[in-house]
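>>> Structure for the following, please:
(chains A and B)
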Amino acid sequence: MTPHDDHRANDPLDLEALPGQGRSMDEDEDEAVPGEPRKPDTKGRGRDESDKLDQYLLRRYHLYGDRKAREQLITMYLPLVRSLARRYASRGEHFDDLVQVGAIGLIKAIDRFDLERGVELTTYATPNIVGEIKRYFRDKGWSVRVPRGLQELNIRLNKVIDELVPKLQRSPTINELAEAANATPEEVLEALETSQAYNSVSLQASPNGEGGEEDAGLIDYLGGEEAAYDTMEDRTTLAPGFAKLDKRERYILHLRFFEGLTQSQIAERVGISQMHVSRLIRRSLEKLREEIGDVDNPDPSLLARHVEQSS
Amino acid sequence: MSEIIRVEVAAELSAFSPVRLVLGGLGTRLDFSVEQLEDMYLATEHLFRAVVRAEELPRFGVEMRLDGGALWFSAGPFTSRALRKEIEPATPDGACLDLCRLLRATCDDVQVRENDGSYQVILVKSRRSPA
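Sure, this is the predicted structure:
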């Protein structure tokens, strides 16, 4: 044993000395057992070893402020978040959104974890993640009273559209939706109208629940950097209106209004559903309008000027 | 035979809701897809917002028509230069996301028809358009 090895063996905060280290944290993506919460990414480690690694990383973060240890914990426990989010995915919300919301719970659990209490992180994180997902459903309430039947049909339609788009290779018609959802076209139109009354929680909320500009948005936090999103960056980064939008929103507006892609084509390219694209377009345009109101400019076509300034 | 629905609406945003419902019904008659309807909603809503913003008139007319496999939406008469400039800018800027671009990205045709010193704005969405 070299002096270096000896030092590492006695250093409880030596990451390299821990079993199972040096392995990629992204290497597992296999499916969870239905109904059973997904265990954290501890492939190659025994239960004791992974608990030991959790404790080690938590100590590094809480005692020494090691942000890398925190990031590693988040990555390790994302499979647990995905597993828990999957339980709620059939309730009309997009799985990706639920994962992002659940990740807030995970991050809060990691940040608030008390080293002295002697509980496992899984035990502490699970109710935090589930709680955050439930809060999302609660907060994402209907802004005006919509009959329950229409609410349910709206949720069903979202699911049916997600199923029909890949099957038909195009957006379904109202009549096709009516047939698939066992409803009349009038009911379908009415139910789709209720989407207008449904509030949307911004996924740009910072993980710590604050809104500081320096905080990473959840999308930034969780999503990989999409090179294609940068296509608009040079033109839009400095624009006051577009600065309110995240990369994905800017990219989607670019594809829709400058490249002429349909919502279904954008959905395929970005890897989200057509309904999600539709919501993002509406939300982005709404944000731009809000920004116009904020700057209190008498020019009614400020949308244009925002882009002109940035181009 | 074409089917025409004419309404007169107040120049305020809340008046857009019944227009949406009629558009939805007519679009369904043409077997529009969800996306095609969304496009029409988006175009007409933004035109509506621009009218409310720019026009001094308390009310204006809206005509919706099914003709030749297309849904025609016509609003007016208007006299506002500001509105017209938004729909038909003198020098369209290819880098701008403005009303002009939004209407042309969502509709198959956008027309401004003169009539005795005023004008009508016409949006056309065909069943055969993409999506």
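>>> where does chain B come near chain A, residue by residue?
Proximity of chain B to chain A is confined to B:20-21, B:24-25, B:27-28, B:31-38, B:42, B:46, B:49-50, B:53-54, B:82, B:85-86, B:89, B:93, B:95-102, B:105, B:130-131 under the rule C-beta under 8 Å from any C-beta of the partner chain. For glycine as for every other residue, the C-beta is placed from the backbone atoms N, C-alpha and C.
>>> Buried ones only from the residues you listed, please, as a PyMOL command.
For the buried members of the residues of chain B next to chain A, the matching PyMOL selection, counting by 16 or more other C-beta atoms under 10 Å in any protein chain shown, is:
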select buried, chain B and resi 20+24+27+28+32+33+34+35+36+37+38+42+46+50+53+54+86+89+96+97+98+99+100+101+102+105+130+131
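>>> Which of the residues of chain B next to chain A fall within helices?
Using DSSP state H, the members of the residues of chain B next to chain A that fall in helices are B:20-21, B:24-25, B:27-28, B:34-38, B:42, B:46, B:49-50, B:53-54, B:82, B:85-86, B:99-102, B:105.
>>> Now do the domain split for chain A, please.
Domain segmentation of chain A under automatic domain parsing yields A:11-139, A:226-311.
>>> quick one: which of those domains has the weakest pLDDT on average?
Mean pLDDT is lowest for domain A:226-311 out of the domains of chain A, coming in at a mean of 66.
>>> Which residues are in contact with A:F258?
Contacts for A:F258 (C-beta atoms under 8 Å, 6 or more residues apart in numbering or on different chains) come out as B:97, B:101.
>>> what about the closest residue to chain B within the stretch 51-200 of chain A, how many neighbours?
Chain B sits closest to A:S171 of the stretch 51-200 of chain A, with a gap of 3.8 Å, by C-beta to the nearest C-beta. Neighbour count of A:S171, defined by other C-beta atoms under 10 Å in any protein chain shown: 27.
>>> would you say B:P77 is within a strand?
Yes - counting by DSSP: H, G, I helix; E, B strand; the rest coil, B:P77 is found in a strand.
>>> neighbours around it, how many?
Using other C-beta under 10 Å, B:P77 has 17 other residues around it.
>>> Do I have it right that it meets B:Q120?
Yes - B:P77 lies in contact with B:Q120 (C-beta atoms under 8 Å); the separation is 6.1 Å.
>>> does B:T91 count as helix, strand or coil?
Under three-state DSSP, the three-state class of B:T91 is coil.
>>> Show the pLDDT at it.
Predicted confidence (pLDDT) at B:T91: the value is 70.
>>> Now for it, how many residues are close by?
4.
>>> how near is it to B:K85?
B:T91 sits 11 Å away from B:K85, taking C-beta to C-beta, to the nearest Å as the criterion.
>>> and if you look at A:T173?
Distance, A:T173 to B:K85, using C-beta to C-beta: 36 Å.
>>> go on, A:K287?
Going from A:K287 to B:K85 by C-beta to C-beta gives 24 Å.
>>> How about A:A109?
For A:A109 relative to B:K85 (C-beta to C-beta), the value is 54 Å.
>>> Hmm, B:T106 and B:D39 touching each other?
Yes - the pair B:D39 and B:T106 qualifies as a contact (C-beta under 8 Å) at a distance of 4.0 Å.
>>> Among those two, which residue is more densely surrounded?
Set B:D39 next to B:T106 and count neighbours by other C-beta under 10 Å: B:D39 wins out with 28 against 23.
>>> quick one on the thing from earlier: and the residue of the stretch 51-200 of chain A closest to chain B, helix, strand or coil?
At A:S171, secondary structure determined by three-state DSSP is coil.
>>> My guess is it contacts B:L37. True?
No - counting by C-beta under 8 Å, B:L37 is not a contact partner of A:S171; they are 9.0 Å apart.
>>> how many neighbours does A:R283 have?
Neighbour count of A:R283, defined by other C-beta under 10 Å: 17.
>>> What residues of the host helix or strand of it count as buried?
Assigned by DSSP states H and E, A:R283 belongs to helix A:274-295. With burial defined by 16+ other C-beta under 10 Å, the residues of helix A:274-295 counted as buried are A:274-285, A:287-288, A:291-292.
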